[in-house]
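Novice: Just need the structure, nothing else, for what follows:
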Amino acid sequence: MKIIYKIYSFCIALPLFIVATIITATVVVIASMLGDSVYVGYYAPKWWSRITCMLFLIRIKTEGKEFIDPKQSYVFLANHQGYFDIFLIYGYLGHNFKWMMKEYLRKIPFVGYACAKSKHIYVGDSLSSIQRTVLQAQETLRGGMSMVIFPEGTRTYTGEMGTFKRGAFMLANEIGLPIVPLTINGSFDVFSRKAKSVSPGTISLKIHKPITVEERKGKPTKVFMQEVFDIINSSIEEKYRKA
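Specialist: Prediction:
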């Protein structure tokens, strides 16, 4: 069965995924140029992500959507297990958002340009870049538009969460929005950064209760970072849970 799946994924799923990616990026760019970076900029990638999961025969489970108000803006913070985290969140979070992305991701063919045109938030390492990010986020994250950040900054090598970076938390406090921890499971086994191909499996997304600005008021950043880490880590499957 593994051999059959690999033949299918390389000969059928992958070519269709590439075509779907080019079409989606083109639609997003055109819509953004016409002034729609909110509706099409979210729903086109949402269905692209769902189609991708279906093409590669990935099953999806979600829980906790009842905690999210579609009219409220949030900062979502998720662990980063593998490549399919993007498709999982885009396709199944059920809330309009912008990614906070590293500057070098602009270079991804089609996708990088489409993300820039649809006003996803790129951030570099310099102080001036971070300051621009805060200003852009304050302007963008209104009326239910949210942001998704991977506070580890990169995909895990082992399945366990890495150390969180302070920037995501400082940005969330500066913007003054509720923070929602997200726990991803299964993505590491489906397509980790070390894997050479996709494996069939199930990926799950758990949405935790939002943490309001008032609840974290006065807490040192380091303390609050650890609290969010513990919330996400508590729902990671045992074999990848940080001890």
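Novice: ok, longest helix in this structure?
Specialist: helix 14-33 (DSSP state H).
Novice: Give me the contacts around whichever helix or strand comes after that one.
Specialist: Using DSSP states H and E, the helix or strand that directly follows helix 14-33 along the chain is helix 40-55. With contact meaning CB atoms under 8 Å, 6 or more residues apart in numbering, helix 40-55 is reached by 12-13, 16-17, 20-21, 24, 27-28, 31-32, 60, 84, 86-88, 90-92, 96-97, 118-119, 203. All C-beta spots, glycine's among them, are computed from the backbone N, C-alpha and C.
Novice: looking at this protein, which helix or strand is least sure?
Specialist: Of all helical and strand segments in the chain, the minimum by mean pLDDT, DSSP states H and E falls on helix 127-140, at a mean of 69.
Novice: Can you tell me the closest non-neighbouring residue to Leu105?
Specialist: Gly112 (5.8 Å; CB to CB, 6 or more residues apart in numbering).
Novice: Quick one: distance of the helix or strand following the least confident helix or strand of the chain to the chain centre.
Specialist: For helix 127-140, the succeeding helix or strand toward the C-terminus, using DSSP H and E, is strand 146-149. Centre-to-centre, strand 146-149 and its host chain are 7 Å apart (CA atoms, centre = their mean, to the nearest Å).
Novice: what are the ranges of the helices in the chain?
Specialist: Using DSSP H, helices in the chain cover 2-8, 14-33, 40-55, 85-92, 111-117, 127-140, 166-175, 187-191, 213-216, 221-234.
Novice: Check those helices for me and report the most buried one.
Specialist: Highest mean neighbour count among the helices of the chain (mean count of other CB atoms under 10 Å): helix 187-191, with a mean of 25.
Novice: For that helix, give me every contacting residue.
Specialist: Against helix 187-191 from outside (CB under 8 Å, 6+ apart): 58, 81-85, 88, 156, 159, 197-201, 203, 240.
Novice: low-confidence ranges in the chain?
Specialist: For the chain, the stretches with pLDDT under 70 are 124-131.
Novice: Please repeat the previous calculation with a cut-off of 80.
Specialist: Low-confidence segments of the chain (pLDDT under 80): 37, 102-107, 122-143, 167-168, 171.
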